[in-house]
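[1] Turn this into a model:
(one chain, ligands or ions: 1)
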Amino acid sequence: AWQRRHLPFPPGPPPHALIGNFLDLPTKLPWLTYTKWGIQYGGLVHVSVPGQHIVVVNSVKTAVELFDKRSHIYSDRPVSTMVRLLAAAIIMATLYRYEVQPTNDHFVALSESAMKKLSDAFFPGAVAVDTFPILRYLPSWMPGAGFQRYAAEARQLTKEMQEAPVKFVKQNMRDGMDSTSIVAKLLAANCYDEVAIQAVAAVAYAAGADTTVSSLASFCLAMALYPEVQKKAQTEIDTVIGTDRLPEFEDRPSLPYVEALYREVMRWRPVTPLGVAHASSEDDIYDSYFIPKGTTVIANVWAMTRDETIYYEPDRFNPDRFFTADGNLNEDATILTFGFGRRICPGRHHADATIWATIVSVLSTFNITKAKDATGKEINIDPKYSDGLVSHPEPFACSITPRSEMAKTLVQATTETYDL
Ligand code: HEM
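    Numbering: from 1, shown residues only. This is a model prediction of the structure:
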């Protein structure tokens, strides 16, 4: 073991005495800085702060080596003072048979504020208390101790977010209105602790809803910015399916361009640009570098999806990159933003189905274009992406219009049904 300890850590920005790389750790859009470090120092970058080693994995090759091939070492989660890990989310309806209101939905608002607080606190360096746990003992009225109030608020919101929907299901069960939701079934089974049911349901909601919505927002953005891609996909759908019915899951293999478009949405703006951090549970040596037990290991999905040797002009939205020269879909079907190894997103099949189905249905029925101002001039779009565990495009203007008679009829019927 002493030999291992004499091996160097992977390369990275030089640490300072006492505080290590504390001042180097980015607090805003950290994946951009980590990606720059990747270019400077390589596929594996090491930084440290007192008591904590962090390793950033910038290449798919290294990610596969560590997270997949050595999954027995790299499958823990870091313990964080601020966040108990909240990794996840399914659709409310399945869980609670609760119909989300189009605007100002109470449950959605509750979980969004809780998620935002947790997500803001998630990255190493974002919050000093993760680095210097001693700060935890400062009284909350001291300047700079705002995180204590913050942590208390996040805890309260998370508690409400977990309790409120389960109460709702119980009321519905009493009224004889719900026996089919997952939560109702778990409660009816009478063998699970209610607090555990609350936690499972909230985790599933938190992990799935936000992430799925973010990918669909990026899809709309891409369609408004790249009309020729949209046209190409619509032509494929119209040719294969026709215009008198909506596409179905069985059609998926016959729509290769839509498939490539889906892959490109997930690559172009990865929803979780830094995945969700892993931690190592044993000392390890990789490439003659020492990675101590307890290191936080971050998969820099942003860097991997910007790799110009694999994705030419990576910032361009271009589904054609997923085709071989002879016009078939290539082998690059792994969606990196779902993570790696034993901790890979367990909701990925659900997310994949939801996102594909939405993309193909929207393409078949609507045109998405840039919005126009009062003088008829197109409004330029240059959206920024939010910070946090899950990155969203900031709101942008676009115009969504029905493509066909069938779509117009659908819109009409929906408007009447929901009184919009
Ligand atoms: C676009 C949609 C989604 C994205 C991008 C996404 C991404 C991720 C990522 C990156 C991780 C961590 C993987 C790792 O550690 O390497 C994760 C974990 C997780 N996801 Fe998702 N996810 C999505 C949708 C969903 C959905 C719909 C559900 C639930 C139905 C879900 C449930 C979970 C859970 C429970 C975990 C924790 C797994 C663990 O810690 O072992 N996710 N997700």
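
[2] pLDDT score for the closest residue to residue 232 other than its chain neighbours?
    Using CB to CB, 6 or more residues apart in numbering and skipping the chain neighbours, the partner closest in space to residue 232 is residue 257 (6.0 Å). Yep, even glycine has a C-beta here, placed from its N, CA and C like the rest. pLDDT recorded at residue 257 is 98.

[3] tally of neighbours for residue 257?
    21 (other CB atoms under 10 Å).

[4] Return the list of helices and strands in contact with the helix or strand containing it.
    For residue 257, the host element (DSSP states H and E) is helix 256-268. Secondary-structure packing of helix 256-268 (3 or more CB pairs under 8 Å, 6 or more residues apart in numbering; DSSP states H and E): helix 194-225, helix 227-241, helix 348-365.

[5] now the angle between helix 348-365 and the shortest one, please.
    By that I understand helix 227-241. Interaxial angle, helix 227-241 versus helix 348-365 (axes from the mean of the first three to the mean of the last three CA atoms, to 10 degrees): 90 degrees.

[6] next one: helix 227-241 to chain centre, how far?
    For helix 227-241, the separation from the chain centroid amounts to 27 Å (computed by CA atoms, centre = their mean, to the nearest Å).

[7] Would you agree residue 47 falls within a strand?
    Yes: assessed by DSSP: H, G, I helix; E, B strand; the rest coil, residue 47 belongs to a strand.

[8] which residues does it bridge with?
    Per DSSP bridges, the residues bridged to residue 47 are residue 54.

[9] gap between it and residue 37?
    Computed with CB to CB, to the nearest Å, the distance linking residue 47 and residue 37 is 8 Å.

[10] list the residues that contact both of those two?
    Common contacts of residue 47 and residue 37 (CB atoms under 8 Å, 6 or more residues apart in numbering): 12-13, 56.

[11] picking up where we left off before, go through the helices and strands packed on helix 256-268 and pick out the most buried.
    Of those, the one with the most neighbours on average (mean count of other CB atoms under 10 Å) is helix 194-225, at a mean of 20.

[12] about what we covered before: ok, the residue nearest to residue 232 - contacts?
    If a contact means CB under 8 Å, 6+ apart, then residue 257 has 232-233, 236, 319 as its contacts.

[13] same question, residue 360
    Under the criterion of CB under 8 Å, 6+ apart, the neighbours of residue 360 are 237, 247, 251-252, 255, 258.

[14] ok, it to residue 373 distance?
    Distance, residue 360 to residue 373, using CB to CB: 31 Å.

[15] What of residue 175?
    In this view, residue 175 and residue 373 are 50 Å apart by CB to CB.

[16] Without its sequence neighbours, what residue ends up closest to residue 343?
    Here the residue nearest residue 343, using CB to CB, 6+ apart, is residue 75, at 5.6 Å.

[17] thought that neighbour was touching residue 340?
    No: at 9.4 Å, residue 75 does not count as touching residue 340 under the criterion of CB atoms under 8 Å.

[18] between these two, what contacts are shared?
    Any residue near both residue 75 and residue 340 by CB under 8 Å, 6+ apart counts here, and that gives 67, 278.

[19] So those two - more neighbours on which side?
    Between residue 75 and residue 340, counted using other CB under 10 Å, the more crowded position is residue 340 (25 against 17).

[20] show me the contacts for the more buried one.
    Contacts of residue 340 (CB under 8 Å, 6+ apart): 63-64, 67-68, 275, 278, 299.

[21] Might you list the low-confidence residue ranges for the stretch 301-420 of the chain?
    Filtered on pLDDT under 70, the stretch 301-420 of the chain yields the residue ranges 406, 410-420.

[22] what about the helices in it?
    According to DSSP state H, counting those that start in this stretch, the stretch 301-420 of the chain carries its helices in the segments 301-305, 348-365, 405-418.

[23] can you list the ones you listed in a markdown table and add distance to residue 380?
    Shown next, in a markdown table, are those (distance: least, CB to CB, whole Å):
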| stretch | distance to residue 380 |
| --- | --- |
| helix 301-305 | 24 |
| helix 348-365 | 22 |
| helix 405-418 | 27 |
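
[24] of all the ones you listed, which lies closest to residue 332?
    Nearest to residue 332, of all the helices of the stretch 301-420 of the chain, is helix 301-305, at 11.0 Å by CB to CB.

[25] does that closest one come close to the ligand?
    No: on the criterion CB under 6 Å from any ligand atom, helix 301-305 is out of touch with the ligand, staying 7.4 Å away.

[26] likewise stretch 259-272?
    Yes: contact of stretch 259-272 with the ligand (CB under 6 Å from any ligand atom) involves 271-272.

[27] Mind exporting the C-alpha coordinates of that stretch to PDB?
    Extracted in PDB, the C-alpha atoms of stretch 259-272 (Å, rounded to 0.1, in the frame of the first residue of the first chain):
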ATOM      1  CA  GLU A 259     -34.000   8.100 -33.900                       C
ATOM      2  CA  ALA A 260     -30.900  10.100 -34.900                       C
ATOM      3  CA  LEU A 261     -32.700  13.300 -34.000                       C
ATOM      4  CA  TYR A 262     -33.500  11.900 -30.500                       C
ATOM      5  CA  ARG A 263     -29.900  10.900 -30.000                       C
ATOM      6  CA  GLU A 264     -28.800  14.300 -31.000                       C
ATOM      7  CA  VAL A 265     -31.200  16.100 -28.600                       C
ATOM      8  CA  MET A 266     -29.600  14.100 -25.800                       C
ATOM      9  CA  ARG A 267     -26.100  14.700 -26.900                       C
ATOM     10  CA  TRP A 268     -26.300  18.400 -28.000                       C
ATOM     11  CA  ARG A 269     -27.600  19.700 -24.600                       C
ATOM     12  CA  PRO A 270     -27.100  16.900 -22.100                       C
ATOM     13  CA  VAL A 271     -29.600  17.300 -19.300                       C
ATOM     14  CA  THR A 272     -27.200  16.300 -16.600                       C
END
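
[28] Out of the shared contacts of residue 47 and residue 37, which are close to the ligand?
    Applying CB under 6 Å from any ligand atom to these, one finds that nothing falls near the ligand.

[29] Which of those residues sits closest to the ligand?
    Taking CB to the nearest ligand atom as the measure, the ligand lies nearest residue 56 of these, at 13.7 Å.

[30] helix/strand/coil for that closest one?
    On the three-state scheme (three-state DSSP), residue 56 is labelled strand.

[31] cool, residue 39 as well?
    State at residue 39, reduced to three classes by three-state DSSP: helix.

[32] Closest to residue 171 out of the contacts of residue 340?
    Looking at the contacts of residue 340 and their distance to residue 171, the nearest is residue 275, at 37.9 Å (CB to CB).

[33] Great, nothing more from me.
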